[in-house]
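Asker: Below: sequence and its predicted model.
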2 protein chains.
Amino acid sequence: MAEFNLKEVASNNAFGGKLVKYKFKSIALGGLDTQFNIYLPPQAQQGKVPLLVYLAGLTCTEDNGAQKGGFLGPAAERGIAILFPDTSPRGAGIEGEDDNWDFGTGAGFYLDATNPKYSKHYNMYTHVTTELPQVIEAASIPIDAKKQSIFGHSMGGHGALTLYLSSKNAQYRSVSAFAPICNPSKCPWGEKAFAGYLQGGVSEGKERYDATELVTRTTGPINVLVDYGTSDSFYKQGQLLPENFVDAARKAGHDESRLIVRGQEGYDHSYYFISTFASDHIQFHAQFLKE
Amino acid sequence: MAEFNLKEVASNNAFGGKLVKYKFKSIALGGLDTQFNIYLPPQAQQGKVPLLVYLAGLTCTEDNGAQKGGFLGPAAERGIAILFPDTSPRGAGIEGEDDNWDFGTGAGFYLDATNPKYSKHYNMYTHVTTELPQVIEAASIPIDAKKQSIFGHSMGGHGALTLYLSSKNAQYRSVSAFAPICNPSKCPWGEKAFAGYLQGGVSEGKERYDATELVTRTTGPINVLVDYGTSDSFYKQGQLLPENFVDAARKAGHDESRLIVRGQEGYDHSYYFISTFASDHIQFHAQFLKE
C-alpha cells in the first residue's frame, strides 16, 4: 500500500460482518487524504462478494449512510459489500470552498471538474469509478470487481444515476436512488455546481453529467429503481425533477418494466425515508449482483 | 397543553408510521425546555399501541436512538411505539455542568438528584417514569399506558435496569439493555455520578440506583435481556460489570430462563453493535407487550 498509503482508521463488527474505515492519499483528489467506509458481510470471510457503492448527499461524509441508512442488515443477509465514499475532497484550500453547504466541501457532485480552480482536487467521478476500485484491489479486500452496482441519495442519487448511465452499464449492473437530483442542468443545485466546477458551465454539465440527458443516449437494457417522497421539500422546490427523467427514458424507448420510479406518499428527504426503503433497494440490486 | 406547553418540532414518516419530535416545559427538570421523539407505528392509526421507552447513553440526545438504533422497522412490524427521551436537562446553568462528557449535560444517569446543587433540574428518573407518560396522555398520543417496557444503552442501559427494578415490575413489563452499566456503585462512571448528584454519595446511589443491588431486593418474576460486546473497551475497563449483575440475580434466586445475558463476540460499544441486535430486543419486548 505504498502508493496509496492506505491505513485502517476504525473497525466495527456489525450484523456478523465488519464495517472498516480506511484513510488514504488520493491521487484523483490531488494528493489529499480521503476516507471511506466499507462494509464486508459475513460471507466475505469465505470469498469474494459483490459490491454496492453508496453515494451520499450534500453536507454528508462517508459516515452518514453507514450510520443511518439501515443498509448493513439487509446487505449481510444477501452477502453484499457496501462502499461508502466521502462526498468531496477535504481541505483543498481553495478560496471560498467552505462558504456554501451546496458547493465545494461536502458537495463534490460526483463529477471531474474542468474549471482550473477546482480541477486538481474536485474529481469525485474518477475517485469513485476508478480509484476506489484500485485501492480495494490493491488492499486485497475480498470484492468481486465484476459484480458492482451503485446507489445514492439526493446529490448521491444524481451521482449514482450518472455514473451508471455514463459507464453504459459496463461498470455497474444496476442503479437505484433515494430522492435523486434527476435533471441537474434544470435545477438550482445542479446549475450552481456545473457553473462552478465546469469550464463549459451548465451546457458542459448537461452533456456529461445530467441523468435525464444521459438516459436518452444510453442503449441496451437499464435496471433502475428510484424512490422519492411526495412531501420532500426539495422535490416540491423542483430540485429533483424525477418526472423529467421518467419522460426522457420513456421517449428514448427504454423498457418500462426495468425503470421503477415510485413517489412515496408523505415521505420527506431524510434518512428516516431512506431507511424505510433501504431493504427494498438492497433486494433490488441483489437480483443483478447474485446472477 | 397549557401546563406543559407542548409543541411539535418535527415529524418524519418512517416505516409506514411517524416519528414526531416534541418540545415542552418540564416541571421535573425545573422548568427547562426539553425534547423527546416518539415513534408511532402504522398500527397507531387504528388505536392505542404499547410503548417501549429507549434510554440513550452518555453524550447522546433524544435523536441518537431514533437515527442510528435500527429500532423503527422492527417496531413498525410489531405495532409498538418507541419513546426517546433526552439524557439530561439542558441549559440548567449550573457551574461546571458542561465541563465533563460523563457528568452534567448529556449525563443525567436517570436518577433524581438530592445534592441541592443539582436537585432542582437533574431529575431524569421522575421525568421518564412519571412526567413523560403524563405528557403523552395529556396530548392524546395513542399509547396504552398499561403496556410499557423499557430498554437502553450504556448509561441508558443502567437507567432501563434501575427504572424497571425499582418500579418492582409494576410500570414496565420487561427490560433489555445494550452494554449497560450494571453495577454503578463499583465503576468510575457510576461513582462520579453518584458522588456528584446525590447528597449521600455512592452509598445512596448503591441503595437506590444500582441494578446489581436492586435485583437482590426484587421479588416476583423478572424479564431481562442484556447484550454486551466482548470487544467493548468500556466492558474491558470495568465500567459495565454484567457478571456482577448476573451473579447477584442468581444468588437472589431469580429464574434464569427469564434472565438472558449474552456476551457478543467481537462487538464494541457503538450503535453498529446496537443496530445488529435491535430486532432481537424488539422481539423480546413484543412477547410481553402483546400479551
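Answerer: Thanks, I have it. Quick caveat, the model's predicted, so the values are computed rather than measured.
Asker: C-alpha from now on. contacts and neighbour counts both.
Answerer: Fine.
Asker: which residues does the residue most central in space within chain A contact?
Answerer: Using Cα atoms, centre = their mean, the residue of chain A that lies closest to the mean C-alpha position is residue A:55, 2.7 Å off. Contact partners of residue A:55, counting by Cα atoms under 8 Å, 6 or more residues apart in numbering or on different chains, are A:84-87, A:150-153, A:155-157, A:159-160.
Asker: Quick check: beta-bridge partners of it?
Answerer: Under the criterion DSSP bridges, residue A:55 forms beta bridges with residue A:152.
Asker: sorry, back to before: okay, and which of the contacts of residue A:55 map to strands?
Answerer: Residues of these located in strands (DSSP state E): A:84-85, A:150-153.
Asker: re earlier: just send the contacts of residue A:55 back as TSV, with neighbour count too.
Answerer: Formatted as TSV, the contacts of residue A:55 follow (neighbours: other Cα atoms under 10 Å in any protein chain shown):
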residue	neighbour count
A:84	24
A:85	24
A:86	27
A:87	28
A:150	26
A:151	31
A:152	26
A:153	29
A:155	31
A:156	28
A:157	30
A:159	34
A:160	29
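Asker: Closest one of these to chain B?
Answerer: residue A:84 (15.1 Å; Cα to the nearest Cα).
Asker: Quick one: residues contacting whichever residue of the stretch 51-200 of chain A sits closest to chain B.
Answerer: Closest residue of the stretch 51-200 of chain A to chain B, Cα to the nearest Cα: residue A:68 (5.2 Å). The contact partners of residue A:68, taken as Cα under 8 Å, 6+ apart, are A:271-272, A:275, B:67-68.
Asker: how about a cut-off of 10 Å?
Answerer: Residues in contact with residue A:68 (Cα atoms under 10 Å, 6 or more residues apart in numbering or on different chains) are A:270-272, A:274-275, B:64, B:66-70, B:271-272, B:275.
Asker: what stretches of the stretch 1-150 of chain A score poorly on pLDDT?
Answerer: A:1-2 (pLDDT under 70).
Asker: Can you tell me which residues in it are near chain B?
Answerer: Within reach of chain B by Cα under 10 Å from any Cα of the partner chain, the stretch 1-150 of chain A has these residues: A:11-19, A:64, A:66-73.
Asker: Residue A:30 against residue A:126, yeah?
Answerer: No: at 11.4 Å, residue A:30 and residue A:126 do not qualify as touching, with contact defined as Cα atoms under 10 Å.
Asker: Just the buried residues out of the residues of the stretch 1-150 of chain A next to chain B, in ChimeraX syntax.
Answerer: Applying 16 or more other Cα atoms under 10 Å in any protein chain shown to those, the buried members can be selected in ChimeraX as follows:
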select /A:11,12,13,14,15,16,17,18,19,64,66,67,68,69,70,71,72,73
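Asker: before we move on, what SS does the residue lying closest to residue A:270 once chain neighbours are set aside have?
Answerer: Excluding the flanking residues, the one nearest residue A:270 by Cα to Cα, 6 or more residues apart in numbering or on different chains is residue B:12, at 7.8 Å. Taken by DSSP: H, G, I helix; E, B strand; the rest coil, the conformation at residue B:12 corresponds to strand.
Asker: Which residues are in contact with residue B:12?
Answerer: Going by Cα under 10 Å, 6+ apart, the list of residues near residue B:12 reads A:231, A:266-273, B:18-21, B:39.
Asker: just residue A:119 next, same as before
Answerer: So residue A:119 contacts A:28-30, A:112-113, A:197-199 (Cα under 10 Å, 6+ apart).
Asker: State the three-state secondary structure for it.
Answerer: coil.
Asker: Residue A:197 versus that one, what's the distance?
Answerer: 8 Å (Cα to Cα, to the nearest Å).
Asker: Then residue A:279?
Answerer: Taken as Cα to Cα, the span from residue A:279 to residue A:197 is 34 Å.
Asker: neighbour count winner among these two?
Answerer: Taking neighbours as other Cα atoms under 10 Å in any protein chain shown, residue A:279 and residue A:197 compare with residue A:197 leading, 26 against 17.
Asker: Name the nearest residue to the more buried one, sequence neighbours excluded.
Answerer: residue A:113 (4.9 Å).
Asker: Can you name the residues that contact the one you found?
Answerer: A:119-125, A:193-194, A:196-199.
Asker: now the residues you listed: which count as buried?
Answerer: Buried members of the contacts of residue A:113, scored by 16+ other Cα under 10 Å, are A:119-125, A:193-194, A:196-199.
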